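Colleague: Mind looking at a prediction? Sequence and model below.
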Amino acid sequence: MLVVPNQHVTSVNELEEEHHATVGHLIRTTKVVAQQLGIGETGFRLVVNMGADAMMSVPHLHVHILGGRKLGWPPG
């Protein structure tokens, strides 16, 4: 599942103090979405890709919510 803020921010590298509320809301929203998906209590992972080596393909800040199964470590 993806959570995407309405305010356009290209990437983590573009974050400024003015984005503080947007990023806070973005992270808090992941909690709500995880609860709606039924994975809020069992656990989930948040992923934010940054740059070509991380396979960032959408030039807009967004958070991937991963869950619903046991996740391994290290990721990738």
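Modeller: Nice, thanks for sending it over. Just so it is clear, the structure is predicted and the values come from calculations on it, not from any experiment. Residues are numbered from 1 along each chain as shown.
Colleague: so who does the most centrally placed residue in the chain touch?
Modeller: Compute the mean C-alpha point of the chain, and by Cα atoms, centre = their mean the closest residue is residue 63, 1.7 Å away. Contacts for residue 63 (Cβ atoms under 8 Å, 6 or more residues apart in numbering) come out as 2, 3, 26, 27, 30, 46, 47, 48. The C-beta positions use only the backbone N, C-alpha and C, and glycine is treated the same way.
Colleague: now it: how far from residue 19?
Modeller: Distance, residue 63 to residue 19, by Cβ to Cβ, to the nearest Å: 14 Å.
Colleague: circling back to that earlier point, now that we have the contacts of residue 63, which of them are buried?
Modeller: 3, 26, 30 (16 or more other Cβ atoms under 10 Å).
Colleague: Could I get the contacting residues of residue 29?
Modeller: Contacts for residue 29 were tallied using Cβ under 8 Å, 6+ apart; they are residue 3.
Colleague: Also residue 41?
Modeller: Per Cβ under 8 Å, 6+ apart, neighbours of residue 41: none.
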